[in-house]
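Q: the following comprises the amino acid sequence and a computationally predicted model.
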Amino acid sequence: GWLAAAVFVVSAGYGALMPLIPDWLRSLMADVDPKVLSRHVGYLSGIYTAGILIGAPLWGVLADRLGRARVLLVGMVGYVVSLLFLLRPESVGVVGIYVLRGAAGFFVAAVVPVVPALVAQYTPKALRAKRFAWLGAMSLLGFLFGLGLNAAADRLIGLGLFTAYVKVSSTDLVIGLSAALGALMMLGLATTLPAYSTIRDSEIGDDDESSKPRSLTLWLLNGVVMFVLAGFELGILLQSQRHPDLTSRDVSLMFAECSLVMLGVNAILFFTGLLERADSRRVLVAGMTLAIAGLTVLAFHDSETWMYLGVSLTAAGTGIVLPTVAYLAAGSARRRLGIAMGGLAAAAGFGQTLGSAVAGWMFGTVMQISFVWLSIPLIATLTILLIPSLWWPANPLLLTASSSPTITASKP
């Protein structure tokens with residue numbers, strides 16, 4: 001429960017702070033050109049994921065060697081401290097905000113890969129899918145909660161519940177609440193994390209050499225999809241430049257729609273046992289096809305109704321691919337779980353960093369047609385998935401069930 005809550009909190013912090021980025025920049029960069037602002041929004045989003053890119057492999061290796069519980073606690077401490085410094089952005093300036101967001105990403109990288117590694121370490125195979133479902137659900141609900149936190153903060157400030165005692169803005173309130181939740185998770189984890197695993201190594205996952213190329217394949221796939229997802233989210237954030245009547249509330253609603261669709265897809269994948277029965281290649285192909293269709297709709301939409309449809313399709317597609325990849329990666333052996341999950345998070349960080357930077361430039365240059373360009377990496381990856389090859393297993397259970405009687409009997 002505390003592990004899932006930690007995922008919820010860091011996801012909520014990301015969702016809560018994302019809508020604040022344009023306002024931060026406008027207050028610190030007076031009369032800035034909208035195109036320049038779009039690029040800075042992309043770069044500032046990218047620096048956060050760059051921190052994940054740098055931190056994830058480092059924390060993954062340290063977690064396997066020094067203990068995952070210790071690394072997780074260090075990550076939570078660093079995350080809370082980096083938030084507290086953001087309470088006074090005018091004192092650190094634009095450069096300081098870049099540094100602090102990069103530091104937040106670096107410490108979140110100690111949470112993102114280590115939590116699923118701990119869940120896989122302490123969970124028998126029969127329960128792993130459902131527990132990963134809860135992790136995915138908590139991540140999506142956290143992001144949704146973070147978006148709602150902004151609206152709640154505005155309401156509380158409007159009612160004067162806090163301004164009567166101290167001068168505080170809704171932004172300060174959002175950051176303070178995010179930090180307080182992080183501190184609570186830090187204390188909960190410190191008192192509840194177990195010291196050892198009761199699950200045998202043979203129950204954790206595959207430990208043969210073939211698992212390494214499969215891990216690389218999953219890392220690559222995760223990076224590509226996160227590249228597209230980062231650009232897609234940035235495109236939503238910048239929709240107001242095409243639709244002047246689109247308010248920040250409307251943008252928050254689109255993000256909420258995205259999270260709800262992903263949450264529904266996550267429930268279908270895990271709670272129905274679909275991943276245990278279906279061909280993983282077909283599941284991934286279906287997800288990429290939906291995402292490509294959604295991006296195409298967004299590129300050529302001429303009304304808000306079509307825009308919401310495009311958001312739903314893209315969210316559904318990426319919501320199918322990402323949890324499937326995470327579940328497959330959890331089939332690694334216990335001694336390599338930190339590295340496997342760290343690599344997955346690093347690939348995601350690289351994809352997000354590059355996607356945010358590239359999309360920030362594209363949306364500041366060619367605007368709406370950028371959604372078409374974002375679909376090209378998905379089309380290329382989809383083409384590769386459609387080509388029969390030996391490196392991709394026909395069923396996801398093959399990643400975690402190499403010790404089953406059928407497979408064992410076929411070995412010399």
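A: Alright, I've got the coordinates. Numbering: from 1, shown residues only.
Q: what's the first helix or strand after the top helix by length along the chain?
A: Secondary structure of the chain read by DSSP state H shows that its longest helix is helix 125-159. Going down the chain from helix 125-159, the next helix or strand is helix 170-192, by DSSP states H and E.
Q: and the very next helix or strand once past that following helix, what's buried?
A: Using DSSP H and E, the helix or strand that follows helix 170-192 in sequence is helix 211-237. Within helix 211-237, the residues scored as buried using 16 or more other CB atoms under 10 Å are 211, 214-215, 217-219, 221-237. (C-beta placed from N, C-alpha, C; glycine too.)
Q: can you check stretch 76-94 too?
A: Neighbour counts over stretch 76-94 (16+ other CB under 10 Å) mark Met76, Val77, Gly78, Tyr79, Val80, Val81, Ser82, Leu83, Phe85, Leu86, Pro89 as buried.
Q: now do it: everything it contacts.
A: 6, 10, 13, 17, 24-25, 27-29, 40, 96-97, 99-101, 103-104, 106-108, 110-111, 172, 175-176, 178-179, 182-183, 185-186, 189 (CB atoms under 8 Å, 6 or more residues apart in numbering).
Q: between the two ends of that stretch, how far is it?
A: 24 Å (CA to CA, to the nearest Å).
Q: now find how far off-centre the helix or strand containing Thr305 is within its chain.
A: Applying DSSP H and E as the criterion places Thr305 in helix 304-329. Centre-to-centre, helix 304-329 and its host chain are 12 Å apart (CA atoms, centre = their mean, to the nearest Å).
Q: now for that helix, which elements pack on it?
A: Applying 3 or more CB pairs under 8 Å, 6 or more residues apart in numbering; DSSP states H and E, one finds that helix 304-329 contacts helix 125-159, helix 211-237, helix 248-271, helix 280-300, helix 337-365.
Q: what do you get if the cut-off is 10 Å, keeping everything else the same?
A: With contacts taken as 3 or more CB pairs under 10 Å, 6 or more residues apart in numbering; DSSP states H and E, helix 304-329 sits against helix 114-122, helix 125-159, helix 211-237, helix 248-271, helix 274-277, helix 280-300, helix 337-365, helix 370-386.
Q: number of nearby residues for the residue nearest to Gly342 when sequence neighbours are not counted?
A: Distances taken as CB to CB, 6 or more residues apart in numbering place Gly60 nearest to Gly342, at 1.9 Å, with adjacent residues excluded. Neighbourhood size, Gly60 [other CB atoms under 10 Å]: 29.
Q: distance check, the residue nearest to Leu173 when sequence neighbours are not counted against Leu17.
A: Of all residues not flanking Leu173 in the chain, Ala153 sits nearest, at 4.3 Å (CB to CB, 6+ apart). Relative to Leu17, Ala153 is positioned 12 Å away (CB to CB, to the nearest Å).
Q: which neighbours do those two share?
A: Thr171, Val174, Ile175 (CB atoms under 10 Å, 6 or more residues apart in numbering).
Q: which one of those residues sits closest to Thr296?
A: Thr296 lies nearest to Val174 out of the shared contacts of Ala153 and Leu17, by CB to CB, at 34.4 Å.
Q: check what pLDDT the closest one gets.
A: In this model, Val174 is scored at 84, pLDDT.
Q: right, and it touches Ala16 too?
A: Yes: counting by CB atoms under 10 Å, Ala16 is a contact partner of Val174 at 5.0 Å.
Q: for these two, list the residues in contact with both.
A: Shared contacts of Val174 and Ala16, defined by CB under 10 Å, 6+ apart, comprise Leu83, Gly146, Leu149, Asn150, Ala152, Ala153.
Q: so the second one sits right up against Leu17, yeah?
A: Yes: when contacts are counted by CB under 10 Å, Gly146 is listed as touching Leu17 (7.5 Å).
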